[in-house]
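**Student:** Sequence unavailable; structure follows:
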Ligand SMILES: Cc1cc2nc3c(=O)[nH]c(=O)nc-3n(C[C@H](O)[C@H](O)[C@H](O)COP(=O)(O)OP(=O)(O)OC[C@H]3O[C@@H](n4cnc5c(N)ncnc54)[C@H](O)[C@@H]3O)c2cc1C
């Protein structure tokens with residue numbers, strides 16, 4: 001049976017949701033206050049991370065915690081003023097990252113991410129995406145031989161267990177793979193499976209165009225006007241008209257709580273902010289390079305080499321403080337020549353995170369016809385199509401891609 005379905009938010013998550021539902025014959029309206037793919041799904045490192053079978057855990061190593069606490073870490077930074085509000089969620093994140101719960105969480109994460117490439121592949125093929133996607137993995141580089149050796153041991157065990165493609169490159173092997181990098185690195189892990197996208201926002205826009213070609217409606221407007229209809233179902237009035245129907249999906253990424261909290265749904269979401277800037281004029285890169293010891297990524301993009309930073313724990317709407325980016329710049333210039341910064345002001349975005357690192361995919365507790373699709377953290381660009389298929393299976397009542405239980409929003413409101 002086909003339904004009228006409204007999807008709120010046209011990032012990677014909302015756009016894939018709308019597309020997966022439209023492909024199944026529903027009448028779908030995708031609403032965003034901006035054009036598709038201009039927020040978090042634009043500014044990321046563009047890696048479709050098939051190897052990311054373990055979600056990004058809260059560090060437990062005393063040395064890393066001390067570096068973060070004393071402001072010496074490039075990977076993690078925090079606003080002191082935001083900590084009191086964030087502490088209850090960070091405490092739950094810390095607990096979920098411990099040895100007791102993390103293996104179960106990682107196993108659920110791995111089961112979903114296992115489908116990331118097959119689902120992107122289908123959507124890319126149907127949407128006619130032929131350029132701008134490299135299928136040659138990315139490099140995780142190390143300065144110290146000991147660091148490389150230890151990381152290689154752990155990565156090789158994971159690769160064996162999960163059937164992932166991995167090569168350990170010596171300094172000479174790395175120089176051959178990426179001649180633009182300066183000499184002096186100890187080597188790298190080459191994760192071979194991931195795909196890398198040269199313009200992440202453009203991929204979302206290609207999916208949105210395909211959605212429209214299939215008959216989907218793209219509306220511009222504010223999701224804040226969503227309300228329950230007295231006879232059941234949901235409605236919203238926009239400049240483009242009145243939408244009414246039985247199902248609405250909230251896929252507003254970092255802004256999801258703004259819509260759910262007035263409905264009485266307080267799900268434990270928080271954000272890890274990140275920054276980027278592009279650089280032109282140097283030797284460039286063929287594959288993204290993760291500086292594992294410092295926690296930033298250099299990715300070859302259409303606009304130049306994109307330097308993306310680690311996590312900043314701060315209020316979503318606080319003014320940008322691109323300290324990590326400014327501190328990462330000279331370190332990155334130690335890896336590769338980055339002569340000319342393209343933007344005067346760095347871009348900032350917010351990774352939408354949950355306290356147990358698993359996304360929210362399923363019905364909104366106590367709100368019939370309302371669905372939550374958010375909280376994809378560090379890998380929303382990767383997970384969009386697979387996660388959207390799992391949500392569409394639930395809306396349709398068809399056999400699910402995988403067991404949806406670990407991702408249901410009701411896990412936080414039993
Ligand atoms: C620096 C950085 C690097 C990253 N690198 C990677 C990576 O390499 N690989 C990966 O898989 N992931 C990566 N991520 C994570 C990934 O970018 C996110 O998980 C993903 O983009 C989240 O997508 P989304 O659709 O949920 O949110 P968004 O893309 O933010 O989309 C939310 C949409 O909601 C809309 N919206 C908000 N409020 C309203 C409103 N009131 N009315 C109407 N519309 C509204 C916004 O305009 C926006 O279009 C990275 C993130 C960052 C910050």
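**Tutor:** Received, thanks. Fair warning: this is a prediction, and the values are worked out from it, not measured in the lab. Residues are numbered from 1 along each chain as shown.
**Student:** Could you list which residues are in contact with whichever residue of the stretch 151-300 of the chain sits closest to the ligand?
**Tutor:** Proximity of the stretch 151-300 of the chain to the ligand (C-beta to the nearest ligand atom) peaks at residue 253, 2.3 Å away. Quick note: C-beta positions are derived from backbone N, CA and C, even for glycine. Contacts for residue 253 (C-beta atoms under 8 Å, 6 or more residues apart in numbering) come out as 9, 11, 13-14, 39-41, 350, 352, 374, 380.
**Student:** Let's see that with 7 Å instead.
**Tutor:** Residues near residue 253 by C-beta atoms under 7 Å, 6 or more residues apart in numbering: 9, 11, 13, 39-40, 352, 374.
**Student:** and the helix or strand of the chain with the lowest mean pLDDT, which residues are buried?
**Tutor:** Using mean pLDDT, DSSP states H and E, the weakest-scoring helix or strand in the chain turns out to be helix 62-69, at a mean of 88. Buried residues in helix 62-69, counted by 16 or more other C-beta atoms under 10 Å: 67-68.
**Student:** Tell me the helix or strand right after that helix.
**Tutor:** Proceeding N to C from helix 62-69, the next assigned helix or strand is strand 76-78, under DSSP states H and E.
**Student:** partners of that following strand, with directions?
**Tutor:** Applying DSSP bridges, strand 76-78 is found paired with strand 311-313 (parallel).
**Student:** and the following helix or strand past the partner strand, does that touch the ligand?
**Tutor:** As assigned by DSSP H and E, the chain's next helix or strand after strand 311-313 is helix 323-333. No - counting by C-beta under 6 Å from any ligand atom, the ligand has no neighbours in helix 323-333; the shortest distance is 9.6 Å.
**Student:** and helix 323-333, what other elements does it pack with?
**Tutor:** Using 3 or more C-beta pairs under 7 Å, 6 or more residues apart in numbering; DSSP states H and E, the elements in contact with helix 323-333 are strand 269-280, strand 296-301, strand 304-308.
**Student:** Recalculate using a threshold of 10 Å.
**Tutor:** For helix 323-333, the packing partners by 3 or more C-beta pairs under 10 Å, 6 or more residues apart in numbering; DSSP states H and E come out as strand 76-78, strand 269-280, strand 289-291, strand 296-301, strand 304-308, strand 311-313.
**Student:** which phi and psi does residue 171 have?
**Tutor:** With angles defined as degrees, to the nearest 10, residue 171 sits at phi -60, psi -40.
**Student:** residue contacts, the closest residue to it other than its chain neighbours?
**Tutor:** Using C-beta to C-beta, 6 or more residues apart in numbering and skipping the chain neighbours, the partner closest in space to residue 171 is residue 187 (5.4 Å). Shown in contact with residue 187 (C-beta atoms under 10 Å, 6 or more residues apart in numbering): 139-143, 145, 147-149, 151-152, 168-175.
**Student:** cool, and residue 379?
**Tutor:** The contact partners of residue 379, by C-beta under 10 Å, 6+ apart, come to 44, 47-49, 52, 55-56, 109, 112-113, 116, 351, 357, 359, 387.
**Student:** show me which of those neighbour the ligand.
**Tutor:** Among the contacts of residue 379, the residues lying close to the ligand (C-beta under 6 Å from any ligand atom) are 44, 47, 49, 351.
**Student:** Of these, which is the nearest to residue 195?
**Tutor:** Of all these, residue 47 has the smallest distance to residue 195: 7.5 Å, by C-beta to C-beta.
**Student:** Can you spell out which residues form a bridge with the closest one?
**Tutor:** Going by DSSP bridges, residue 47 is paired in beta bridges with residue 196.
**Student:** I'd like to know how many residues surround it.
**Tutor:** Look at residue 47: counted by other C-beta atoms under 10 Å, it has 25 neighbours.
**Student:** So which residues of the stretch 151-300 of the chain form strands?
**Tutor:** 166-170, 187-191, 195-197, 217-220, 227-228, 234-238, 241-245, 247-250, 269-280, 289-291, 296-301 (DSSP state E, counting those that start in this stretch).
**Student:** Any chance of these in a markdown table with mean pLDDT as columns?
**Tutor:** Shown next, in a markdown table, are those (pLDDT from 0 to 100):
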| stretch | mean pLDDT |
| --- | --- |
| strand 166-170 | 98 |
| strand 187-191 | 98 |
| strand 195-197 | 98 |
| strand 217-220 | 98 |
| strand 227-228 | 96 |
| strand 234-238 | 97 |
| strand 241-245 | 96 |
| strand 247-250 | 98 |
| strand 269-280 | 98 |
| strand 289-291 | 98 |
| strand 296-301 | 98 |
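**Student:** Could you list the low-confidence segments of the protein?
**Tutor:** In the predicted model, the chain carries pLDDT under 70 at residues 414.
**Student:** so how far does stretch 279-299 reach from one end to the other?
**Tutor:** By C-alpha to C-alpha, to the nearest Å, the extent of stretch 279-299 from end to end equals 10 Å.
**Student:** Just list the residues touching the one residue in the stretch 301-414 of the chain that gets nearest to the ligand, thanks.
**Tutor:** At 2.2 Å from the ligand, residue 380 is the closest residue in the stretch 301-414 of the chain, using C-beta to the nearest ligand atom. Counting by C-beta under 10 Å, 6+ apart, residue 380 touches 11-13, 16, 40-41, 44, 251, 253, 351-353, 359, 374, 387.
**Student:** Then residue 355?
**Tutor:** Residues in contact with residue 355, defined by C-beta under 10 Å, 6+ apart, are 58, 88-97, 267-270, 375, 412.
**Student:** So which of the strands of the stretch 151-300 of the chain is nearest residue 406?
**Tutor:** With C-beta to C-beta, the closest approach to residue 406 among the strands of the stretch 151-300 of the chain belongs to strand 269-280: 16.5 Å.
**Student:** which of the residues in that closest one are buried?
**Tutor:** Using 16+ other C-beta under 10 Å as the test for burial, strand 269-280 gives 269-279.
**Student:** All the strands of the stretch 1-150 of the chain, residue numbers only.
**Tutor:** Using DSSP E, counting those that start in this stretch, strands in the stretch 1-150 of the chain cover 4-8, 27-32, 47-48, 76-78, 133-134, 138-142.
**Student:** returning to what we had before: quick one: the residue of the stretch 151-300 of the chain closest to the ligand and residue 106, what's the gap?
**Tutor:** Plainly put, residue 253 is 23 Å away from residue 106 if you go by C-beta to C-beta, to the nearest Å.
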